[in-house]
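**Q** Structure for the following, please:
(one chain, ligands or ions: 1)
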Amino acid sequence: MTQPVLEMQDVSRIHGRGDAAVHALRGLDLTVMPGEMVAVMGPSGSGKSTLLNLAGGLDQATAGRTRVQGEELGSMSQGALASLRRRRVGYVFQDYNLIPSLTAQENVAMPLELDKVRSREALRTARAVLDEVGLEGLYDRFPAHLSGGQQQRVAIARAVVGERCLVLADEPTGALDSETGEQVLALLRARCEAGSAALLVTHEARHAGWADRVVFLRDGVAVDETQRSSPQSLLVGRE
Ligand SMILES: Nc1ncnc2c1ncn2[C@@H]1O[C@H](COP(=O)(O)OP(=O)(O)OP(=O)(O)O)[C@@H](O)[C@H]1O
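**A** Coordinates of the predicted model:
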């Protein structure tokens, strides 16, 4: 039986205490299989970023279990969690988060080098991934000399380099024009076709149309899931 990439069971996250407590997620269940792309939608403050942070081990749940490739994050040491974030989970953010003083290939090679891969080999691997995302020839450009779409491609290359099984993308197209945004989503989709899984936070139903499923959050609760086979249902009654 194929193992899920991500399994969240009855996961809750409360920020703060007492009167100031905010229930960011309440009893969330979510399973993502290899190859699946799942979109997460919902109003501002509904818990989308909290969900991504918990799935990637950047934040800890107040209750419930989160497993990545069968390993429960709550019982991992800090060192094991850091290793999981370097090797198995990749992040793509709206504002790219590239290091300005590193070239495109150095940015992509960084997670490998942190993981003690030798520099030459890390750079070779980085160039191969940059080729995959259509940036051949731009290896030595600094982020300031790349367009927004190119920077986001570098960020995607960095998020998938190595053996990553799960890509977490928080509004990765937010700063891009619509055509470039679609290209970025096509890249994420291609990574999923190649066997990774992705969780994509988006406000746009059109972008969620790239996903196999859509999870709608409201006040920290998953209120609906829509299959890709009926993309119109995303638009009817939701817009
Ligand atoms: N560190 C924190 N401390 C206190 N409250 C927090 C913290 N992080 C998030 N929250 C609260 O938890 C709730 C969910 O936040 P979250 O950022 O997950 O929502 P979101 O759906 O991603 O919102 P947006 O679309 O605006 O980014 C919100 O009410 C938010 O104010």
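**Q** Report the contact partners of Glu163.
**A** Listed by C-beta atoms under 8 Å, 6 or more residues apart in numbering, the contact set of Glu163 reads Arg87, Arg88. Glycine gets a C-beta too; all of them are placed from N, C-alpha and C.
**Q** now it: how far from Ala205?
**A** To Ala205, Glu163 is 32 Å away according to C-beta to C-beta, to the nearest Å.
**Q** On the three-state scheme, the residue nearest to the spatial centre of the chain is what?
**A** Centroid check for the chain by C-alpha atoms, centre = their mean gives Leu168 as the closest residue, at 0.9 Å. For Leu168, the assignment made with DSSP: H, G, I helix; E, B strand; the rest coil gives strand.
**Q** Give the full set of residues in contact with it.
**A** Leu52, Ala55, Gly56, Val89, Gly90, Tyr91, Val92, Ala159, Ala198, Leu199.
**Q** Same question for His207.
**A** So His207 contacts Ala39, Thr173, Gly181, Leu185, Leu200 (C-beta under 8 Å, 6+ apart).
**Q** was I right about Val89 contacting Gly57?
**A** Yes. Between Val89 and Gly57 a contact is recorded at 6.9 Å, counting by C-beta atoms under 8 Å.
**Q** shared neighbours of these two, anything?
**A** Val68.
**Q** Now do Ala197, the pLDDT please.
**A** Looking at Ala197, its pLDDT reads 95.
**Q** Ignore what I typed, I meant Pro43.
**A** 95.
**Q** pLDDT score for the residue nearest to the centre of the chain?
**A** 95.
**Q** which residues touch Gln105?
**A** Contact analysis of Gln105 by C-beta under 8 Å, 6+ apart lists Leu123, Ala126, Arg127, Leu130, Tyr139, Asp140.
**Q** what does the chain have sitting close to the ligand?
**A** His15, Gly16, Val22, Ala24, Gly42, Ser44, Gly45, Ser46, Gly47, Lys48, Ser49, Thr50 (C-beta under 6 Å from any ligand atom).
**Q** which one is the second one nearest to, not counting chain neighbours?
**A** When you say that, I think you mean Gly16. Leaving aside its chain neighbours, Gly16 sits nearest to Val22 (5.8 Å; criterion: C-beta to C-beta, 6 or more residues apart in numbering).
**Q** go on, the last one?
**A** On the basis of C-beta to C-beta, 6+ apart, the spatially nearest residue to Thr50 that is not a chain neighbour turns out to be Ala24, at 4.1 Å.
**Q** sec struct for that neighbour, please.
**A** Using three-state DSSP, the three-state assignment for Ala24 comes out as strand.
**Q** which two in the contacts of His207 are spaced the farthest apart?
**A** For the contacts of His207, the maximum inter-member distance is 13.6 Å, found between Ala39 and Gly181 (C-beta to C-beta).
**Q** Can you report how many residues neighbour the closest residue to Glu132 other than its chain neighbours?
**A** Leaving out its chain neighbours, the residue that sits closest to Glu132 by C-beta to C-beta, 6+ apart is Ala157, at 7.3 Å. Ala157 has 27 neighbours, counted by other C-beta atoms under 10 Å.
**Q** For the host helix or strand of Ala157, enumerate the helices and strands it packs against.
**A** Using DSSP states H and E, Ala157 sits within helix 148-160. Judged by 3 or more C-beta pairs under 8 Å, 6 or more residues apart in numbering; DSSP states H and E, helix 148-160 is in contact with strand 89-93, helix 104-114, helix 119-132, strand 166-170, helix 178-193.
**Q** Let me know whether Pro111 touches Arg158 as I believe.
**A** Yes. With contacts counted by C-beta under 8 Å, Pro111 reaches Arg158, the gap being 6.5 Å.
**Q** For Val215, list each beta-bridge partner.
**A** Counting by DSSP bridges, Val215 is bridged to Val40, Glu225.
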